[in-house]
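K.L.:
Fold the following for me, if possible:
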Amino acid sequence: MGNIKDLLAALQRGELTADAVEQQIRARQSANLGHTVLDLDRENRTGAAEVIFGEGKTAQQIDDIMARMEAARSNILITRLSPEKYGELTSCPASHEYHAAAQLLCAHAQPPIQAATQIAVVSAGTSDFAVAEEAALTAKFYGNPVIRISDVGVAGLHRLLARIDEIREARVVIAVAGMEGALASVLGGLVSAPVVAVPTSVGYGANLGGITTLLAMLTSCASGIAVVNIDNGFGAGVLAHRINQPVSSGTESVA
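P.N.:
Reported below is the predicted structural model:
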């Protein structure tokens with residue numbers, strides 16, 4: 001199928017009818033798989049193809065979506081894909097990679113444009129690792145160099161200060177923390193780069209499943225901080241990518 005200009009030229013030459021052109025244009029925009037209407041035009045609009053949210057979908061549904069995206073030569077990113085469900089898939093692209101800790105699968109039909117500057121993913125504790133990995137792998141999927149700096153929470157501030165020069169080299173900093181979420185505020189006062197804060201659901205009772213962390217990050221006294229949803233490493237990775245590569249190419253979400 002040619003591009004839209006080719007279709008319109010064929011219509012002008014009388015090689016295609018108006019109905020045929022309309023049908024082909026619609027086919028370029030979406031694909032109805034019965035259980036999912038896949039947005040095939042999202043990459044043209046936003047620079048990024050759809051991302052498959054694996055939680056709540058069956059393995060068969062994910063197989064169907066991946067097969068259609070592979071046929072369209074789209075890069076594939078699946079988030080919240082449990083190891084059990086991954087084991088049930090039957091049609092993964094040969095080049096795919098699966099990361100069990102982050103519950104994320106990726107496959108590139110086309111290599112992404114590589115950024116010249118890097119993103120730092122800084123996490124407070126070992127318990128934040130899975131969310132931090134989702135952020136780091138998402139950013140890498142879109143072509144961003146990533147440095148990971150783990151277990152540098154403010155309960156031992158010397159650990160963070162020992163790595164601060166590395167963090168300051170990044171164009172964007174992703175701060176991943178649970179408990180009271182102080183890491184984002186501290187980083188906001190130490191670096192000139194924008195900080196993307198990710199509250200996690202790690203913490204005792206009064207943490208309220210991450211709500212306390214979320215509110216603390218939203219009310220930070222440091223400026224230049226943007227906050228994503230609780231445990232939303234994917235959202236942080238995409239936002240950091242768009243800051244790091246303002247004109248992007250690569251891949252948004254089949255909910």
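
K.L.:
For the rest of this, base every contact and every neighbour count on C-alpha atoms.
P.N.:
Fine.

K.L.:
nearest spatial neighbour of residue 179, skipping sequence neighbours?
P.N.:
residue 203 (4.6 Å; Cα to Cα, 6 or more residues apart in numbering).

K.L.:
Contacts only, for that neighbour.
P.N.:
178-179, 209-210 (Cα atoms under 8 Å, 6 or more residues apart in numbering).

K.L.:
Distance check, residue 35 against residue 62.
P.N.:
As for residue 35, its distance to residue 62 is 10 Å (criterion: Cα to Cα, to the nearest Å).

K.L.:
What of residue 96?
P.N.:
14 Å.

K.L.:
So between the two, which is more surrounded?
P.N.:
residue 62 (23 against 13; other Cα atoms under 10 Å).

K.L.:
Contacts only, for that one.
P.N.:
52, 54, 89 are the contacts of residue 62 under Cα under 8 Å, 6+ apart.

K.L.:
tell me the pLDDT at it?
P.N.:
The confidence metric pLDDT takes the value 94 at residue 62.

K.L.:
In three-state terms, label it for me.
P.N.:
Following DSSP: H, G, I helix; E, B strand; the rest coil, we place residue 62 in the helix state.

K.L.:
Next SSE downstream of the helix or strand harbouring residue 87?
P.N.:
Following DSSP states H and E, one finds residue 87 within helix 83-88. Note on helix 83-88: by DSSP H and E, the next helix or strand toward the C-terminus is strand 97-99.

K.L.:
Partner strands of that following strand, with direction?
P.N.:
Its sheet considered, strand 97-99 pairs with strand 104-107 (antiparallel) by DSSP bridges.

K.L.:
Show me what secondary structure element comes after the partner strand.
P.N.:
In N-to-C order, the element after strand 104-107 by DSSP H and E is strand 119-123.

K.L.:
Using PDB, write out every CA atom in that next one.
P.N.:
Presented in PDB, the C-alpha positions along strand 119-123 are these (Å, rounded to 0.1, in the frame of the first residue of the first chain):
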ATOM      1  CA  ILE A 119      18.700   9.900  30.800                       C
ATOM      2  CA  ALA A 120      19.600   9.000  34.400                       C
ATOM      3  CA  VAL A 121      17.200   6.600  36.200                       C
ATOM      4  CA  VAL A 122      17.900   7.100  40.000                       C
ATOM      5  CA  SER A 123      16.100   4.800  42.400                       C
END
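
K.L.:
Run through who's touching that strand.
P.N.:
129, 132, 135-136, 139, 144-153, 167, 170-177, 240-241, 244.

K.L.:
please redo it, this time with the cut-off set to 7 Å
P.N.:
132, 136, 144-152, 167, 170-177 (Cα atoms under 7 Å, 6 or more residues apart in numbering).

K.L.:
Outline the domain layout of the protein.
P.N.:
31-111, 119-244 (automatic domain parsing).

K.L.:
which residue ranges form the helices in the stretch 101-250 of the chain?
P.N.:
129-141, 157-161, 164-168, 182-188, 211-218, 233-244 (DSSP state H, counting those that start in this stretch).

K.L.:
which ones are touching the closest residue to residue 202 other than its chain neighbours?
P.N.:
Spatial nearest neighbour of residue 202, chain neighbours left out: residue 178 (4.7 Å); criterion: Cα to Cα, 6+ apart. Residue 178 is in contact with 199-203, 210, 213, counting by Cα under 7 Å, 6+ apart.
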